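Enquirer: below are the sequence and a predicted model; questions follow.
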Amino acid sequence: MNKRFWSGLCFLSLALTLWAEDGSRLWLRQTPVNQASVCCLVTSPMLTVAREELAALWQGGEVDLQLCADETHRRLGKEGYTIRTSEGKTVLGAATEQGLLYATYHLLRLQAEGADCSQLNIQEKPAFDIRVLNHWDNLDGTIERGYAGRSLWKWEELTDSVSARYREYARANASVGINGTVLNNVNASPEILSEDYLQKVRKLADVFRPYGIKVYLSVNFASPMKLGGLSTADPLDEEVARWWKEKVREIYGLIPDFGGFLVKANSEGQPGPCDYGRTHAEGANMLAEALKPYGGIVMWRAFVYSPSDADRAKQAYLEFQPLDGRFRDNVMVQVKNGPIDFQPREPYSPLFGAMPHTPLMVEFQITQEYLGHSNHLAYLATMWKEFYRYVQPSSLKGVAGVVNVGDNVNWCGHDFAQANWYAYGRLAWNPDLSAEEIAREWLAQTFTTDRRFVEPMTQVMMESREAVVDYMMPLGLHHIFAWGHHYGPEPWCKVPGARADWLPSYYHQADKEGLGFDRSRTGSDAVSQYPDSLARVFDSLEQCPEEYLLWFHHVKWSQKLRSGRSLWDELCYKYQQGVDDVRAFQRVWKEMQPYVDAERYQAVAERLDIQAHDAVWWKDACLEYFRTFSKQPYPKGVEPPV
Ligand code: GCW
């Protein structure tokens, strides 16, 4: 067979690969043109990555990578950078290699979006030093709350075989400025600290290093007992402290730039310092001391809810706020964005702002545990921006995102779920970016720069999370999910022997008078955990933002809301609105067919069908159930269940 035949075949298979679009390339879809001339006087693994990316993809002529020690670049810190056009060349400058890597991805992003790159003058610096992903991946390959296949980490193949996806994963993260990853579930197996697993972790760290990604591990607080054979894990026991110091020394011997530990302690059955009558601070500080000489940190989660009968929304605050100022400086307390648990909508957790002497991190959930898993299109940047309306980014040291990736070909299950991974990274770098501009840039890179696609789909993305709130839990309702899997509705759920605060009736409090959890001053008084000015607003039935109404108040069915409708009617309209919105998304998507490859078009269309079906399911189930209390008919314009 001759050469022409083979090259024809190669061309055909390339064309087929491009045509059979599989979503695996995420937002990094530029085709190599190999025409840039890249100048960089220093060599290192990280700069090799930057240079190769530019050499392959950049189409704007000569580009210069410069390590700079001047005042401007020193002020931009260890990850900031500049991008300038100077004498016809594009010059990337930074005080560090990592800065140059980020500058590289910034420049390539501009090109991919179709921006004018001929006169650039950019200065960037991340808002937070710590921008990490949290994987809830178990060592057996399953993922807690993961909806995109099994874990990316093929522990059984490591260290012999290193999957090519590890590099792609690191590249995707670096392209949006994520600089760390916690590899394993916070419900942590002690095994992760065994010699065997640490060798595997080291392999991953080696792949991630040139992309500026540090590796962290979740640790089980009882590891000294379960792995080390000690009789206690009491943080004040000298032998326990020594065990951790030894373990940390071993880790840094393998991974010199290891990031540190993430700990879920005394929460949902996990061991912790309180088992020995010690505080969270005592537990965290013991680990922090072991990590300190190496520059490592402890991220100590505040997701706790004691079996006390206080309103669950108050419990993390009650347990952690009194510990303010008692943590070592390399401990970050990691607080979920809301006081309960990643609901479609929650007010922010009152711990933010209440621990001024403790470095805090916010934990967001990128994986859609409570937002339709990877079946529903829900763009979450709008939710995270809502958090920043109340919480100053400058009051935080870092951000963590419970990520949605698995080993599915398209990483996240739903093609649009990739946008949440992307947006998480972009907002971790700069929380001032708008959700809308992030949606636009993601769409342009992931699908097409054609405005006829980008504009309507930006609109869909921007409305999508509110639609989910409307068809699942409007007006401040929360946690009326089906038991365990948290996918569908189950406001009526009863599980004999279950904790009251694990049952939906605890949260919705429906009765013949009305609906909602009374957290006002005359109720559970959760409002008082907020700063005075806000506490007053949340406390008042008239002033409370309606999106939080049933979170803070038990409201009469007949109560008139701002629309002039009664609570019951408004509730019905909101559920209907959610359903109508998803139907509108379906219609828009149909019109997008000419701009999208067949495979992704079909995949998204199928998921929108599921979402539309689920929206009706939620509406019917919730309204029929609440109607047993309200005893009212469906108002005009709201479809009764069939
Ligand atoms: O959201 C809840 C989840 C648990 C999770 C826990 C946590 C990892 O339902 O699956 O456990 O929160 O954040 O620790």
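Expert: Cool, the structure landed. Numbers count the residues shown, from 1 in each chain.
Enquirer: how many other residues sit next to the residue in the stretch 451-600 of the chain that the ligand sits nearest to?
Expert: Nearest residue of the stretch 451-600 of the chain to the ligand (C-beta to the nearest ligand atom) works out as His486 at 6.5 Å. Glycine gets a C-beta too; all of them are placed from N, C-alpha and C. His486: 19 surrounding residues under other C-beta atoms under 10 Å.
Enquirer: same question, the one 3 residues further on
Expert: The criterion is other C-beta under 10 Å. On that basis, Pro489 has 23 neighbouring residues.
Enquirer: just checking, it touches Asp614?
Expert: No - at 9.1 Å, Pro489 does not count as touching Asp614 under the criterion of C-beta atoms under 8 Å.
Enquirer: near the ligand, which residues of this structure? Just list them.
Expert: With C-beta under 6 Å from any ligand atom as the criterion, the chain meets the ligand at residues Trp136, Glu144, Arg145, Val186, Asn187, Lys264, Glu268, Phe303, Asp341, Phe342, Glu369.
Enquirer: with adjacent residues omitted, what lies nearest to the last one?
Expert: The spatial neighbour of Glu369 that comes closest, neighbours along the chain excluded (C-beta to C-beta, 6 or more residues apart in numbering), is Arg145 at 4.4 Å.
Enquirer: in the protein, which helix is the longest?
Expert: helix 598-630 (DSSP state H).
Enquirer: could you list the buried residues of that one?
Expert: Within helix 598-630, the residues scored as buried using 16 or more other C-beta atoms under 10 Å are 600-601, 603-604, 607-608, 611-612, 614-616, 618-623, 625-627, 629-630.
Enquirer: tell me the secondary structure of the residue of the stretch 351-500 of the chain found nearest the ligand, please.
Expert: For the stretch 351-500 of the chain and the ligand, the shortest gap (C-beta to the nearest ligand atom) falls at Glu369, measuring 5.7 Å. What DSSP: H, G, I helix; E, B strand; the rest coil gives for Glu369 is coil.
Enquirer: all strands for the stretch 251-400 of the chain, in order.
Expert: Listed in chain order, the strands found in the stretch 251-400 of the chain under DSSP state E, counting those that start in this stretch are 260-263, 297-301, 331-336, 360-365, 398-402.
Enquirer: neighbouring strands - and their directions - for the second one?
Expert: Yep, that's strand 297-301 we're talking about. Here strand 297-301 has these sheet partners by DSSP bridges: strand 260-263 (parallel), strand 331-336 (parallel).
Enquirer: and the last one, what's its mean pLDDT?
Expert: For strand 331-336, the mean pLDDT works out to 98.
Enquirer: quick one on the thing from earlier: next, count neighbours for the residue nearest to Glu369.
Expert: So Arg145, with other C-beta under 10 Å, has 17 neighbours.
Enquirer: could you do Asp22 as well?
Expert: Applying other C-beta under 10 Å, I find that Asp22 has 14 neighbouring residues.
Enquirer: thought Asn408 was touching it, still the case?
Expert: No - the pair Asp22 / Asn408 is not scored as a contact, 9.9 Å apart, by C-beta under 8 Å.
Enquirer: any idea which helix or strand carries Cys85?
Expert: For residue 85 the amino acid is Thr, not Cys. Element membership for Thr85, per DSSP states H and E: strand 81-86.
Enquirer: in that strand, what's buried?
Expert: Applying 16+ other C-beta under 10 Å to strand 81-86 flags Tyr81, Thr82, Ile83, Arg84, Thr85 as buried.
Enquirer: which one of these is nearest the ligand?
Expert: Among the buried residues of strand 81-86, and counting by C-beta to the nearest ligand atom, the member closest to the ligand is Tyr81, at 34.3 Å.
Enquirer: quick check: the closest one touching Tyr105?
Expert: No - counting by C-beta under 8 Å, Tyr81 sits too far from Tyr105 to count as a contact (10.1 Å).
Enquirer: got the phi/psi numbers for Val132?
Expert: The phi and psi values for Val132, taken as degrees, to the nearest 10, are phi -120, psi 160.
Enquirer: now do the one 4 residues further on
Expert: Torsion angles at Trp136 (phi, psi; degrees, to the nearest 10) stand at phi -100, psi 50.
Enquirer: what's near enough to touch it?
Expert: Neighbouring residues of Trp136 by C-beta atoms under 8 Å, 6 or more residues apart in numbering: Ile143, Glu144, Arg145, Gly146, Asn185, Val186, Asn187, Thr367, Val402.
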